[in-house]
Structure formats: structure tokens, C-alpha cells
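J.: Next come a sequence and a model predicted from it.
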Amino acid sequence: MDLDFTDEQREFREEVRTWLEENKPRETRPHDSAARREYDLAWQRTQWESGWAGISWPAEYGGRGLSLLEQLIWYEEYGRAGLPSLDMTFVGLHHAGPTLMARARDDQKAAHLPPILRGEVVWCQGFSEPGAGSDLASLSTRAEIDGDHLVVTGQKVWTSFADQADWQELLVRTGREGSKHDGITWVICDMKSPGVDVRPIETMDGGHDFCEVFYDEVRIPLDRVVGEVGDGWRVAMATLSFERGTAFMAGQVRLASTVERLIQMAGERPGPNGRGSLLDDVETARRLAELRAENAALRAVTYLGVSRAARTGSPGPEGSITKLYFAELEQKVARTAMDLLGRDGLRMVSRWDTGGWSGQWLTAFSASIGGGTSEIQRNIIGDRVLGLPR
């Protein structure tokens, strides 16, 4: 793989960097869910109107039709600009959109892809259940076929932004024969349908991003099934491959920027016993150098994944390596920050996270759970990448 960029790609990077600096939102992202929806969609519309939405999406769906390398450059500059890598447009842009492009019918693509890019709709993900989180194939939300509809009954949990979402990528069980991976169906659910009950889960910081969703005989037209009835596991694996592959590039750049910020701060803070700076302390310098090196390794692994996806047209199971490494490195960086800052970390605002250094530390614990636990990622790597015996 060639890790260098062409002159045209370097010019593209400068164009991206300039546009983001001149147009990125200046106001703080609101805490209220409804206000966040408007804030996030307005920013997406700004990107769309200026021709920066969907860098690698096909032009027929409103994208620019550029390569994954240009998309990578966009994510890198987006993260470098300090913009959030996870907002209410995330599921539509990084889960539902790519999955629809890979697996949906033409009429489904035409109906749903352009509104995602134009910043008109919010999507959420209906995968996890109280008894089926990392073991997703154990899901029990059932759907019975009644004429030309699916009738859905069950519950989903940890559904980010469900209270503000228009559409949901929903996994339901339509059959119980064969293995537990069989009989699962991926369907597009209208969140305003009768029988859908969304209950926000308040977190300790007062946020309501997570939700429970209950389905009481919700009728979903069969023409909203993506793929075939009973073939949802294959479609879901495409969704998760995109999530674990390239979706968090901006977050990785933000993490590398956080490390550089910590190095700067260590040079400004007094060292042990007041002698020199923290950066003069050998152990502190070693920890920070290790974090910088590990971020460089993560970037190389991500580039490798992008190169493979460019050849095959879709991310592979190697994305689990990136997801696992990123999650554990994110926690390591947050833990190091709190160790270095001590009690000051409880009140200091992080340049890269509006929740402060302590908020960044607390949020990091979810990194090895959301999108599939680190244990699940290791199983996938062993089975599908290394070919180890079960």
C-alpha cells in the first residue's frame, strides 16, 4: 500500500481545511435533544449546500463520487478542526446510508439516501435488546408477516437519538428455524408509526441520547425490507463492517490531537516536587511518547483498511482490529489525562470535548462496549481474520 498522497490530493486537503475553518459551527452544540437535532441537521445542510456532503458517495445519490482516500482526507481534517465525530447524523451517514447503497433496492436508495445527505432526516439503530447486545443473533423482537406488512412486537435498548429520529434500521426475528443467525430481517422502520413508544434513558450528566424503544404490533410494509426476509444477518454484517471500518476516522484524529494537547500541557505544568515540568519526568514522557506512537499505529491500520475497502468495495472483518484498537487507546488516553491532571482534570475544560477532561474519561468507558464489545471484536478477529479454530 502506498501511504503517500498525490499533488491533487494534497490540494484537496488544503481546500477541505480552508473550507472547514471558514464554515464550521462557532456556537457550542446544545445539550437539549431537540435543539441538538436542529444544530446537527443545520450543519449537515451547510455541508450539502456547499458540495461537501458524501465525499465518496455516488453522484447519483447526491455525493461527490470521489475515492475513499478523499473521504479519508475529509475525515482527518474534520477531526483536526475539532468537530464532533458522533452526532445525530452519524447513523444515517455511516450505518444506514452505506448499508442501503450495498444491499437495498434502487427505489429504497432513491427514497432514503438523498434526504440523509441533505440533512433532512435523523436515523437511529434498532439492534441491541436487553437480552441481545453483543450476542446480537439472540435478538427476540419478533415480526409476523400479515399480508403485505410485518407486524413487530418487542423491545430495543441503548438506541441513540431514537427520541429525535425519523427512521430506524431495525433488526427483527421473522423465523426460528435453523441457526440463531437465520430468520433475522433488516427493515426500515418509520419512527412515527403507531405502536412505537420511545422512552429516553437519562444519564448521570442529564443527557437523553440513549433510549428504550417498545414496539406494540407496529405495522411495517414489506417493501421496506432491505435484502430478503430472513436474510437480515448478512445485511447487518454490512452495517457493522461500515461502523467498525471507516466511520470513526474523525474521532481517531481528534484522539491524536488530544495526545498532542496533553504533551503541550505536560510541558506547562510543574513536575514532581516542583522540579522542571511534567514533561521532564522520565515516566511521564515515556507514557506520552507511547500514546503518540500508538496513535500513529492506529492511523496506519486505518489506512490499510481504507486501501482494502477501495479494492473490494466494502470494509471487511479487519475493521474489528481498528475498532478494538481505537476503543482501548481511547480509554488509555483518557486515563493518562486524568493521571497527569489529577484533581484539576475535574474542572478543566478539554479543548476537544465540551464535557471536560473528566467527561471525556467517563465517556471513554463506553468505547469498548458500543458497536460490539472488545471481547466480541477479538472473537471476530480470531475467527474471520486469523482463521483460528472455534
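T.: Perfect, thanks for sending it. On a predicted model such as this, the values are computed, not experimentally measured, just so you know.
J.: and R308, that one's in a strand?
T.: No. Read with DSSP: H, G, I helix; E, B strand; the rest coil, R308 is helix and lies in no strand.
J.: Around it, count how many other residues there are.
T.: R308 has 17 neighbouring residues, counting by other CB atoms under 10 Å. All C-beta atoms are positioned from the backbone trio N, CA, C, and that covers glycine.
J.: likewise S179?
T.: 8.
J.: cool, G276 as well?
T.: 12.
J.: tell me the contacts of it?
T.: P270 (CB atoms under 8 Å, 6 or more residues apart in numbering).
J.: How much space separates R64 from L279?
T.: Going from R64 to L279 by CB to CB, to the nearest Å gives 42 Å.
J.: what about I220, which SS state?
T.: Secondary structure, three-state DSSP: I220 is strand.
J.: quick one: it and T185 touch, right?
T.: No. In this structure, I220 is not within contact of T185 by CB atoms under 8 Å, at 9.8 Å.
J.: Model confidence score at R343, please.
T.: pLDDT recorded at R343 is 83.
J.: so where's the stretch 201-350 of the chain uncertain?
T.: Scanning the stretch 201-350 of the chain for pLDDT under 70 picks out 204-206, 239-248, 309-310, 312-315, 347-350.
J.: now with 80?
T.: Applying pLDDT under 80 to the stretch 201-350 of the chain flags the ranges 203-208, 237-251, 253-254, 273-274, 303, 305-318, 346-350.
J.: where exactly do the helices run in it?
T.: 232-245, 249-268, 282-312, 319-341 (DSSP state H, counting those that start in this stretch).
J.: same for the helix or strand just after the last one, what does it pack against?
T.: In this case it means helix 319-341. For helix 319-341, the following helix or strand on the C-terminal side (DSSP states H and E) is helix 356-364. Counting contacts by 3 or more CB pairs under 8 Å, 6 or more residues apart in numbering; DSSP states H and E, helix 356-364 packs against helix 319-341.
J.: Tell me which residues of stretch 87-95 come out buried.
T.: D87, M88, T89, F90, V91, G92, L93, H94, H95 (16 or more other CB atoms under 10 Å).
J.: Could I get the pLDDT score of the nearest residue to the first one once chain neighbours are set aside?
T.: When you say that, I think you mean D87. Residue nearest to D87 in three dimensions, not counting chain neighbours: D40, with 4.4 Å by CB to CB, 6 or more residues apart in numbering. On pLDDT, D40 comes in at 97.
J.: Please determine how far D40 is located from L86.
T.: From D40 to L86 the distance is 10 Å (CB to CB).
J.: do A266 as well
T.: 27 Å.
J.: go on, I116?
T.: In terms of CB to CB, I116 sits 16 Å off from L86.
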